[in-house]
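>>> any chance you can model this:
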Amino acid sequence: MKKSRTFDVVVIIMFAALALLTLYPFYNVIILSFSNTESVAKHIPYLLPFALDLTGYKTIIQDSDFINSLLVSLFVTIVGTAVNMVLSVIAAYVLSRKYLDGRNMIMSVIVFTMLFGGGLVPTYMVIKDMGLINKVWAMILPTAINTYYLIIMKNYFLGLPDGLFEAAKLDGAGEWTMLWKVAFPLSKPIMATFTLFYAVDRWNEWYNALLYINKKALSPLQIYLRDILTSLNSQLSTQAQQMMGSTQKVSTSAVQMATIVITALPIMLVYPYLQKYFVNGVMVGGIKE
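Alright, predicted model coming up:
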């Protein structure tokens, strides 16, 4: 019994240390975002915050490019997630119907896209021919359906009791009615889960923007963050000084870390509301009767 308790204590200490190591980078980013030039010069804010300066956040918020990028990312996330979910749910439901002719062949073609792609240049040419270059839809339509998510949704719909759909048919329900009145209400956990997955994908969108967007006005927040992290220099400090009307220069690291915090904050706020569904959704297929 004593050895068992000792083992439990050792395991708890190990996982607690691992949790601290995992959380420390986020903690460090937060305390650095509140630092200023003076505190950074005198101390190395690795463990304790030596200043509570909001200049970094004010500098970012007052930047018109940040506001514009934020609005672009919000549009891509909200509209893109809606497009993702509508198309994925409809496609998954259709492919889950056993009486669909050619269902297996269609699934084979879909799975093929997971293994082979057309390549960067042919994809760019398709996007260009569709007239999506320098259009916000270039960040939405090329990834309208995630094949992996689609397959999981299809398998979930396939596992729903056939008797429910047969009863709905006897009551005169069509396919649309069975989807939205029968299948969808029974799939709230997995719907919430993949809504979160799609929203995170859309919020973190940068690759398609890097390839297909050349206008700064259409750059999403992740591209703005990349520019801040890679090209921030003393010029920004001078600009921020003028914006804040202060004689104290803004810490470059504070502006960078503040940008990271603001960029990550929306998803961190949404996650708790979907967590109860997320836990059930990730367990789909884990328990067999």
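>>> any idea how many residues pack against Leu158?
14 (other CB atoms under 10 Å). All C-beta atoms are positioned from the backbone trio N, CA, C, and that covers glycine.
>>> I meant Gly119, not that one.
Gly119 has 9 nearby residues by other CB under 10 Å.
>>> what values do phi and psi take at it?
phi 100, psi 160 (degrees, to the nearest 10).
>>> now the strand or helix carrying Lys188, how far from the chain's geometric center?
Using DSSP states H and E, Lys188 sits within helix 188-203. Its chain's C-alpha centre and that of helix 188-203 lie 8 Å apart, by CA atoms, centre = their mean, to the nearest Å.
>>> next: stretch 77-91.
Offset of stretch 77-91 from its chain centre (CA atoms, centre = their mean): 14 Å.
>>> list the buried residues in it.
For stretch 77-91, the neighbour count (16 or more other CB atoms under 10 Å) marks 77, 80-81, 83-85, 88-89, 91 as buried.
>>> can you redo those as CSV with pLDDT and distance to Gln222?
Shown next, in CSV, are the buried residues of stretch 77-91 (pLDDT from 0 to 100; distance: CB to CB, whole Å):
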residue, pLDDT, distance to Gln222
Thr77, 94, 11
Gly80, 95, 13
Thr81, 95, 16
Val83, 96, 19
Asn84, 95, 17
Met85, 95, 21
Ser88, 94, 23
Val89, 94, 26
Ala91, 93, 27
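>>> following the helix holding Lys188, which helix or strand comes up?
Using DSSP H and E, the helix or strand that follows helix 188-203 towards the C-terminus is helix 207-212.
>>> which helices and strands sit right next to that next one?
Helix 207-212 sits against helix 120-129, helix 221-231, with contacts defined as 3 or more CB pairs under 8 Å, 6 or more residues apart in numbering; DSSP states H and E.
>>> return the set of buried residues in it.
So helix 207-212, judged by 16+ other CB under 10 Å, has buried residues 208-209, 211-212.
>>> between the residues you listed, which is nearest Asp53?
For these, the residue nearest Asp53 by CB to CB is Ala209; the value is 31.4 Å.
>>> narrow the buried residues of stretch 77-91 to those in helices?
Members of the buried residues of stretch 77-91 lying in helices (criterion: DSSP state H): 77, 80-81, 83-85, 88-89, 91.
>>> from the residues you listed, pick the one nearest Pro185.
Within these, proximity to Pro185 (CB to CB) peaks at Val89, which comes in at 12.3 Å.
>>> so where's the stretch 1-150 of the chain shaky on pLDDT?
The model of the stretch 1-150 of the chain has pLDDT under 70 over residues 1-3, 39-41, 43-46.
>>> at 90 instead, please
By pLDDT under 90, the weakly predicted segments of the stretch 1-150 of the chain are 1-11, 19-66, 97-104, 110-111, 113-120.
>>> quick one: the helices in it, in order.
Taking DSSP state H, counting those that start in this stretch, the helices of the stretch 1-150 of the chain run over residues 2-33, 37-42, 55-61, 64-96, 103-115, 120-129, 147-158.
>>> of these, flag the one that's most buried.
Neighbour counts (mean count of other CB atoms under 10 Å) averaged over each of the helices of the stretch 1-150 of the chain peak at helix 55-61, with a mean of 21.
>>> which strands and helices lie in contact with that helix?
With contacts taken as 3+ CB pairs under 8 Å, 6+ apart, helix 55-61 sits against helix 234-244, helix 252-282.
>>> which stretch in those helices has the least confidence?
Mean pLDDT values for these show the minimum at helix 234-244, a mean of 47.
>>> mind putting the ones in helices among the buried residues of stretch 77-91 into TSV with distance to Tyr149?
Shown next, in TSV, are these (distance: CB to CB, whole Å):
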residue	distance to Tyr149
Thr77	16
Gly80	13
Thr81	12
Val83	13
Asn84	8
Met85	9
Ser88	6
Val89	10
Ala91	10
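>>> ok, those vs Leu229, which is closest?
The closest of those to Leu229 turns out to be Thr77 (CB to CB; 20.7 Å).
>>> show me which of the buried residues of stretch 77-91 is closest to Val182.
Distance to Val182 across the buried residues of stretch 77-91 (CB to CB) is lowest for Val89, with 12.9 Å.
>>> who touches the closest one in this structure?
153, 179, 184, 191 (CB atoms under 8 Å, 6 or more residues apart in numbering).
>>> could you flag which of these are buried?
153, 179, 191.
>>> ok, now how distant is the last one from Thr77?
So the one you mean is Met191. Counting by CB to CB, to the nearest Å, the gap between Met191 and Thr77 amounts to 17 Å.
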